[in-house]
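>>> Have a look at this prediction, sequence included:
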Amino acid sequence: MNPAARKRENIRTICMFAAMFAALTVVGVIQSWPLALAILNLCLISAVMSLGVNIQWGYAGLVNFGILGFAALGGVTAVLVSVAPVPAAWKAGGAGVIIALSVALTTILTAVFAARRAPAGLPRRLILACVILGGYFLARAFFFPAVEAIEAVDPTKAGFLGGLGLPILLSWIAGGLFAAVVAWVIGKIALGLRADYLAIATLGISEIIIAVLKNEDWLARGVKNVSGLPRPVPYEVDLQQALWFQDWAARLGASPVELSSLFVKLCYAGLFAIVLFVLLWLSERALHSPWGRMMRAIRDNELAASAMGKDVTRRHLQVFVLGSAVVGVAGAMLTTLDGQFTPASYQPLRFTFIIWVMAIVGGSGNNRGAVLGGFVIWFFWVEAEPIGLWVMDLLTSGLSQDSPLRRHLMESAAHMRLMIMGVILLLVLRFSPRGLIPER
Amino acid sequence: MDGFLSALILLSNFVIVPSMAYGSQLAIGALAVTLIYAILRFSDFAQGDTMAFGAMATILLTWVLQYWDVSISPLPTALLALPFGVLCTIVLCLLIDRWVYRFYRRVKAKPEVLMIVSVGVMFVYNSVVRFIIGPGDRWFVDGERFIITAPAFKRLSGLDEGVAFKTTQGLTILTAVIVVAALFWFLNRSRTGKSMRAYSDNEDLALLSGIDPERVVRTTWMIAATLATIAGVLYGLDKSFKPFTYFNLLLPIFAAAIVGGLGNPLGAIAGGFTIAFSEVALTYAYRKFLAYLTPGEWAPQGLVQLLSTDYKFAVSFVILVLVLLLRPTGIFGRRSP
């Protein structure tokens, strides 16, 4: 790209981000500042997730419909890292669970080993069947009594093993690692086959991850949720009592209560922005390195790249793991922001597919585009409801207040969000497949 | 001997009959997925919501008919409304094909792009369904509920256990047989069906022999829409209609299609039944069944359930993974992955 064109593109990018922040400011002025900051925080997290999708789809053309699952893995890591351990539960069943899990792991490893090394044909099948069945029943024998014992420990407050009691910020890294490990397993199975298989396998694993998180109460209390996670930023109450803060509020002429909530949100925004910038910088470096050029060469012509001696499946596995790790980091950040982990809130339509819309609308293959997409789409996702209600109100203004049609339409306005997202996705794919900020 | 018979009947009541019905629904859904894959060469993620749309159209007319007191009792009124639902879905699919998918065929887009496009279509269908009928549970089944109830069966046979055979289950299995027979007759005997198979096998050769690709695509959408509506209505009759459950059917349906080999109609049917039987059999609690087979003091203490019902989706997934690991082309597949 020549310098003039690059300059034009940079100006375009800056203009778009400026417009985005202007829109947030408008929300702050018209609706309220806490709302604007809340949207900004989720925009930042969405941008990180969208970056993860872009790494997989934009760099390598891999379709991962399991964003939800990887985000939830990051979320549960936040719980497992930050919550204080429950010693009574560990005493009751910690050993049993650990034995059961190690039996399960050994079984899988032995089965994989047997499948590779045992003589083919009937003996291999027999050995495999014995290993898997034996391992299953052995693990069960340890698992269920242990789980029962754990869940009986103070069920209203605990009933789970608890976490490690470490600072929650560590979970952002741990969440990424955890998601990466799961992605490696899925990638090993589904990559190197038809592209559709990865999409379907990731969709499947994400549903299973959610099912496990909802039902395994000993792990993170399932649908009973874990709330009150420790925060990386100060609490509003502490701030309101701190002298320096009261002083500050008095000088700005704002009430300490309002200012403290804004301050906490800004702290989160700062932390998220740091993560986003670090990941963005790393992604940009990667994309413009020889590795990034190789990835794009593979994406554009797998056959040619493999003829050049590139191991396509291994590269795909690598990029799939990296992208999933980024999504895992974002998942941990989301749980940190919420201060609680609620597995039931992970809905595929809200999570996975919205993130896809972000990456596509922003510009597949362009990291800055993916970030912008995360901002724009999350903004519209939140603001679509008031806009939809307003439009419905306008459309049905001719009808009387209690007409059933009007009531039905007003109630259904919330479902318009999905319609808007779908139409945006289809329009962008059709008329501007390169997105808001096209790939260089 | 009596115990053995009772155990067998217990198993038919709770495992065999339900999984036959569920398997039929999955098989019809998987047939639609596999046909679209064979002709249009992408995995249609909007499939679940197409089923929901067809079921919704049928439900709306069923309600109207019920309001007018039109009924074909003992059969559910929904059967009368089914052709209308099929028609609506066909129109929808053809319009979407014209407005959305046709462009990507022209530019020869990669299958991955089409897959993402189908997600966009899924969003639209999903919101249309929720907008019109709402996200909650809807019941629309009427007519005779049972072909034979458990007490009646016990009276007739004089055994301790009975088999309850719901009308919807009987209807599902019967419809599946008719649909599959008609589809195979169409694909193997009719001229259009043969041109579809030719197009699926080798696009260029089919074009050279004068097959009109747009006609083939249109026929495919019509058949797929019909299948989706039938599967959706049968599932709704058997369980209940809730838009979100149809999205959740995507995984078992895709697993069924892949188990049999994507693009292979016979495989889709086998896959559907494989998934359904494994799902039901693995999540069934065998305590009573084993109690009948073993002498009193040996009877098992626990539920003897291999997998909790919360994890029934895991069954489809594990089968999917096994197939991907061992035979990526599916048990009947012939094309390379």
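Yep, it's here.
>>> and the closest residue to chain B within chain A, what element?
In chain A, the residue that lies nearest chain B is A:G422 (2.8 Å; CB to the nearest CB). Quick note: C-beta positions are derived from backbone N, CA and C, even for glycine. Using DSSP states H and E, A:G422 sits in helix A:416-431.
>>> Equivalent analysis for B:I147, please.
Here B:I147 is assigned to strand B:146-148, by DSSP H and E.
>>> if we can go back for a sec, give me the helices and strands touching the helix holding A:G422, please.
For helix A:416-431, the helices and strands in contact under the criterion 3 or more CB pairs under 8 Å, 6 or more residues apart in numbering or on different chains; DSSP states H and E are helix A:352-362, helix A:367-395, helix B:111-133.
>>> what angle separates the host helix or strand of A:A325 from helix A:352-362?
Using DSSP H and E, A:A325 sits within helix A:312-338. With axes from the mean of the first three to the mean of the last three CA atoms, to 10 degrees as the basis, helix A:312-338 and helix A:352-362 are set at 110 degrees to each other.
>>> Helix A:312-338 vs helix A:367-395, what angle?
Interaxial angle, helix A:312-338 versus helix A:367-395 (the same axes, to 10 degrees): 50 degrees.
>>> ok, for whatever residue of the stretch 151-300 of chain B ends up closest to chain A, nearest residue in space, not its chain neighbours?
In the stretch 151-300 of chain B, no residue comes nearer to chain A than B:F254, which is 4.6 Å away by CB to the nearest CB. Nearest-residue entry for B:F254: A:I200, 4.6 Å, with adjacent residues in sequence omitted and distances by CB to CB, 6 or more residues apart in numbering or on different chains.
>>> which residues does the residue of the stretch 51-200 of chain B found nearest chain A contact?
Residue of the stretch 51-200 of chain B nearest chain A, by CB to the nearest CB: B:F123 (2.8 Å). When contacts are counted by CB atoms under 8 Å, 6 or more residues apart in numbering or on different chains, B:F123 is found next to A:349, A:353, A:418-419, A:421-423, A:425.
>>> Would you mind finding the most buried of the helices and strands packed on helix A:416-431?
Scoring the helices and strands packed on helix A:416-431 by mean neighbour count under mean count of other CB atoms under 10 Å in any protein chain shown gives helix A:352-362 as the most buried, with a mean of 28.
>>> Need the CA coordinates for that one. CSV is fine.
Only the C-alpha atoms of helix A:352-362 are listed here, as CSV (Å, rounded to 0.1, in the frame of the first residue of the first chain):
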residue,chain,number,x,y,z
THR,A,352,-21.4,-16.2,19.9
PHE,A,353,-23.3,-14.8,17.0
ILE,A,354,-23.2,-11.2,18.1
ILE,A,355,-19.4,-11.4,18.4
TRP,A,356,-19.4,-12.8,14.9
VAL,A,357,-21.4,-9.8,13.6
MET,A,358,-18.9,-7.6,15.3
ALA,A,359,-15.9,-9.1,13.6
ILE,A,360,-17.6,-9.2,10.2
VAL,A,361,-19.0,-5.7,10.4
GLY,A,362,-15.7,-4.2,11.6
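>>> quick check: angle from that helix to helix B:111-133?
Going by the same axes, to 10 degrees, helix A:352-362 makes 120 degrees with helix B:111-133.
>>> State the mean pLDDT of helix A:352-362.
The pLDDT scores in helix A:352-362 average 90.
>>> hmm, that helix in reach of chain B?
Yes. Interface with chain B: helix A:352-362 contributes A:353, A:356, A:360 (CB under 8 Å from any CB of the partner chain).
>>> Packing partners of the helix ranked longest in chain B?
Counting residues, the longest helix found in chain B (DSSP state H) is helix B:213-238. Applying 3+ CB pairs under 8 Å, 6+ apart, we find helix B:213-238 packed against helix B:17-40, helix B:47-67, helix B:78-96, helix B:102-106, helix B:167-189, helix B:191-201, helix B:203-208.
>>> most surrounded residue in the contacts of B:F123?
A:M421 (28 neighbours; other CB atoms under 10 Å in any protein chain shown).
>>> wait, what's in contact with it?
Residues counted as contacts of A:M421 (CB under 8 Å, 6+ apart) are A:353-354, A:357, A:377, A:381, B:123.
>>> swap the cut-off to 10 Å and go again
Counting by CB atoms under 10 Å, 6 or more residues apart in numbering or on different chains, A:M421 makes contact with A:349-350, A:353-354, A:356-358, A:361, A:377, A:380-381, A:384, B:119-120, B:123-124, B:126-127.
>>> B:L10 too?
By CB under 10 Å, 6+ apart, B:L10 lies in contact with B:159-163, B:284, B:286, B:288-289, B:291-292.
>>> and the strand or helix carrying it, which residues are buried?
Under the criterion of DSSP H and E, B:L10 resides in helix B:2-11. Within helix B:2-11, the residues that count as buried by 16 or more other CB atoms under 10 Å in any protein chain shown are B:6-11.
>>> just the helices in the stretch 1-150 of chain A please.
Ranges of helices in the stretch 1-150 of chain A, per DSSP state H, counting those that start in this stretch, are A:3-30, A:33-53, A:60, A:67-82, A:87-89, A:95-117, A:122-151.
>>> closest to A:I189 out of those?
Set against A:I189 and scored by CB to CB, those come closest in helix A:95-117, at 11.3 Å.
>>> any residue of that closest one up close to chain B?
Yes. If you take CB under 10 Å from any CB of the partner chain as the test, helix A:95-117 does meet chain B, through A:112, A:115.
>>> starting at the chain centroid, how far to that helix?
Put simply, helix A:95-117 sits 29 Å off its chain's centre (CA atoms, centre = their mean, to the nearest Å).
>>> Beyond the longest helix of chain B, next helix or strand please.
helix B:243-248.
>>> thinking again about what came up before, hang on, isn't the residue of the stretch 151-300 of chain B closest to chain A packed against B:A32?
No. Counting by CB atoms under 10 Å, B:F254 stays clear of B:A32, with 11.3 Å between them.
>>> Overlap of the contact sets of these two?
B:44, B:47.
>>> Tally up the residues packed near A:R293, please.
Neighbour count of A:R293, defined by other CB under 10 Å: 11.
>>> how close does it sit to A:D300?
Per CB to CB, to the nearest Å, A:R293 is found 11 Å from A:D300.
>>> try A:A104
From A:A104 to A:D300 the distance is 41 Å (CB to CB).
>>> These two - which one has more neighbours?
Each of A:A104 and A:D300 has its neighbours counted (other CB under 10 Å); A:A104 has more, 17 against 10.
>>> now the more buried one, nearest residue through space, not along the chain?
Sequence neighbours aside, A:A139 is the residue nearest to A:A104 in space, at 4.7 Å (criterion: CB to CB, 6+ apart).
>>> what's the distance between A:V79 and A:R440?
A:V79 is 40 Å from A:R440, by CB to CB.
>>> who has more neighbours, these two?
Comparing A:V79 with A:R440 by other CB under 10 Å, the one with more neighbours is A:V79, at 25 against 13.
>>> my read: that one touches A:L166, true?
No. A:V79 lies out of contact with A:L166 (CB under 10 Å); the separation is 11.6 Å.
>>> And A:G52, how close does it get to A:A304?
27 Å.
>>> More neighbours: which of these two?
Shown here are A:G52 and A:A304; by other CB under 10 Å, A:G52 has more neighbours (31 against 11).
>>> and the closest residue to B:A276 other than its chain neighbours, how far is that from chain A?
Nearest residue to B:A276, sequence neighbours excluded (CB to CB, 6+ apart): B:G23, at 3.4 Å. As defined by CB to the nearest CB, to the nearest Å, B:G23 lies at a distance of 19 Å from chain A.
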